[in-house]
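K.L.:
got a predicted model here, sequence first, then my questions.
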Amino acid sequence: MLFMGLMSLDRPDDYGRLSDEKLLIKVANGDQEAFRQLYQNTDRTMYSFILSIVKNPQDAEEIMQEVFLKIWTSAKSYKSQGKPLAWMFTIARNLCYMKFRDQKHDSDVTIDDLMGVEAGEVCQEIEMAADKMVLLAALQILKEEEREIVLLHTSGGLKHREIAASLNIPLATALSKYNRAMKKMENYLREE
């Protein structure tokens, strides 16, 4: 795929110093090195954001590739606003919703997946699937923005101020929504 090949290019140190805004402008002009640096700067955040919506790692990886391909092909349509990550999140959100329309989400572990596995391994697979289902259920009780904040912080490793900036909300709001979401999940898991 286009951007996977770009990841192996050597990069000048100057690109690492550019803001995502400037990199995106260079991407609009076909600069592959700027695209590679933009990917490197935003891949973890983007993956966490997508995962917060689709809740399936394989789907998140697939959509992430589509997002960066769309960024590469649509960079010229970006209007400089100082918020390139918000523009990228909009692309990601739209592609996630298109994915939802195109497929039904089935269980990650099917009977076919378990066939041919020894009894001890089946139990472990079922336990892991049950734990995952409980965690996904706990995430489901959260509002979409709360879920995004929790996953961006826990999976993406973003600091709360980075989350606030990327979602275009005040830091205090990001912190309170995170704390409220964690309490909701804790109460839900305690009841389960």
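P.N.:
Yes, it's here.

K.L.:
what residues sit buried inside stretch 43-59?
P.N.:
43, 45-56, 59 (16 or more other CB atoms under 10 Å). (Glycine included, C-beta is placed from N, CA and C.)

K.L.:
stretch 175-184 too?
P.N.:
177, 178, 181, 182, 184.

K.L.:
ok, now stretch 59-73?
P.N.:
For stretch 59-73, the neighbour count (16+ other CB under 10 Å) marks 59, 60, 63, 64, 66, 67, 68, 71, 72 as buried.

K.L.:
format those as a markdown table; extra columns: distance to residue 173 and pLDDT.
P.N.:
Listed next are the buried residues of stretch 59-73 as a markdown table, based on distance: CB to CB, whole Å; pLDDT from 0 to 100:
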| residue | distance to residue 173 | pLDDT |
| --- | --- | --- |
| 59 | 28 | 88 |
| 60 | 25 | 90 |
| 63 | 26 | 93 |
| 64 | 26 | 93 |
| 66 | 30 | 94 |
| 67 | 25 | 94 |
| 68 | 29 | 95 |
| 71 | 27 | 93 |
| 72 | 32 | 94 |
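
K.L.:
domains of this protein?
P.N.:
Domains of the chain are assigned by automatic domain parsing as 1-104, 120-192.

K.L.:
in terms of mean pLDDT, which of those domains ranks lowest?
P.N.:
Ranked by mean pLDDT, these end with domain 120-192 at the bottom, a mean of 77.
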